[in-house]
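**Q** Predicted model and sequence follow; I will ask about them next.
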2 protein chains.
Amino acid sequence: MIKKKYNISVEATLEVIGGKWKCVILCHLTHGKKRTSELKKLMPGITQKMLTQQLRELEADGIINRIIYNQVPPKVEYELSEYGTSLESILNSLCNWGEQHIIKEYGDKFAVLEDSILNK
Amino acid sequence: MIKKKYNISVEATLEVIGGKWKCVILCHLTHGKKRTSELKKLMPGITQKMLTQQLRELEADGIINRIIYNQVPPKVEYELSEYGTSLESILNSLCNWGEQHIIKEYGDKFAVLEDSILNK
DNA sequence: TAATATAGGTACTTTAAAGTACCTATAACA
DNA sequence: TGTTATAGGTACTTTAAAGTACCTATATTA
């Protein structure tokens, strides 16, 4: 374990949930455990490689659990770990803020949020 | 104004506060307004260019105010705007989570947080 | 007169993040 | 037999983020 120096504690948070995809993945997982293929459908823009890569990193940081079912074709599910749930309120706040921001910028959210996620 | 499509609202949040520096800058500004040179001291790793660039973007998104004093040498201060304060609780949570995470990973925060920020 | 402090601009380069393409395994089923 | 579904690995390439180096202005002070 290499001891890094941080100038402010938020840097440690960003190491864990920073980047383009991790918050998105985690927000989806706040709504319950998901299979890899479900996550892919929820995130049309992500590639297989990036999805697995981000999931591996989140797993390594203890944020999510990987549940492997021994069957063919393979089935794997991901869920927030107990530690991961300590991020839940932050993730919800980030989502809510985004929604309000969209409303502020565009008037209503229906104009810019994909139908797929509004019909939930 | 180009209408973007988001697959999840948190993407809108990340557009505003994502990246390596914005959360750090904003966390510092939650403790009150700061001059450019103060921010540079608080963030030894950031370059002049990145700092100004990030500040410009945050200003463009309405998150911070830029206060210009007409004097030489120049004096400019940055503060959270009224809209920016809607992020305050998120920023505090992100800092607190990071601190807890550091403690979890390293046992105590003194080992990895720079002295400069602990002696506050 | 020349140095200092402050804030910032700009062209260019480097690095890290992300993406593309192609590969694996295997049971079930048509 | 060969196609499908699922999850994932890997080498390589592209792109965007970040960094480097060097430039500006001007009142004040030594």
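**A** Yep, it's here.
**Q** which ones are touching A:S9?
**A** B:95-96, B:98-99, B:102, B:109, B:113 (CB atoms under 8 Å, 6 or more residues apart in numbering or on different chains). C-betas here are computed from N, CA, C, even on glycine.
**Q** Could you pull up the residues touching the residue nearest to it when sequence neighbours are not counted?
**A** In space, A:S9 comes closest to B:G98 once its chain neighbours are excluded; the distance is 3.7 Å by CB to CB, 6 or more residues apart in numbering or on different chains. B:G98 is in contact with A:6, A:8-14, counting by CB under 8 Å, 6+ apart.
**Q** hmm, try it at 7 Å
**A** A:9-13 (CB atoms under 7 Å, 6 or more residues apart in numbering or on different chains).
**Q** Which of the three states applies to it?
**A** Per DSSP: H, G, I helix; E, B strand; the rest coil, the local secondary structure of B:G98 is helix.
**Q** Looking at A:N119 now. What's its pLDDT?
**A** For A:N119, the pLDDT comes out at 46.
**Q** Correction: the previous question concerned A:K3.
**A** Predicted confidence (pLDDT) for A:K3: 55.
**Q** Give me the residues contacting stretch A:65-73.
**A** The contact list for stretch A:65-73 (CB under 7 Å, 6+ apart) reads A:59, A:75-79, A:81.
**Q** End to end on stretch A:39-54, go ahead and measure it.
**A** 12 Å (CA to CA, to the nearest Å).
**Q** Is chain B within reach of stretch A:48-64?
**A** No - Stretch A:48-64 lies out of reach of chain B by CB under 7 Å from any CB of the partner chain, never closer than 8.5 Å.
**Q** So that stretch, near DNA strand D or not?
**A** Yes - judged by CB under 7 Å from any atom of the strand, stretch A:48-64 and DNA strand D are in contact via A:48-49, A:52, A:55-56.
**Q** can you pick the most crowded of those residues?
**A** A:L55 (21 neighbours; other CB atoms under 10 Å in any protein chain shown).
**Q** what secondary structure does the closest residue to it other than its chain neighbours sit in?
**A** Once flanking residues are discounted, A:L55 sits nearest to A:Y78: 6.0 Å by CB to CB, 6+ apart. Here A:Y78 is strand, with the state taken from three-state DSSP.
**Q** Helix or strand, whichever it is, which one in chain A has the lowest mean pLDDT?
**A** Confidence across the helices and strands of chain A bottoms out at helix A:115-118, with a mean of 54, counting by mean pLDDT, DSSP states H and E.
**Q** just to revisit the earlier point, give me the buried subset of the contacts of B:G98.
**A** Buried by 16 or more other CB atoms under 10 Å in any protein chain shown: A:9-13, out of the contacts of B:G98.
**Q** And the residue in chain A positioned nearest to DNA strand C, how close does it get to chain B?
**A** Nearest residue of chain A to DNA strand C (CB to the nearest atom of the strand) works out as A:K20 at 2.9 Å. A:K20 is 7 Å from chain B, where distance means CB to the nearest CB, to the nearest Å.
**Q** now swap in A:E77 and tell me
**A** 19 Å.
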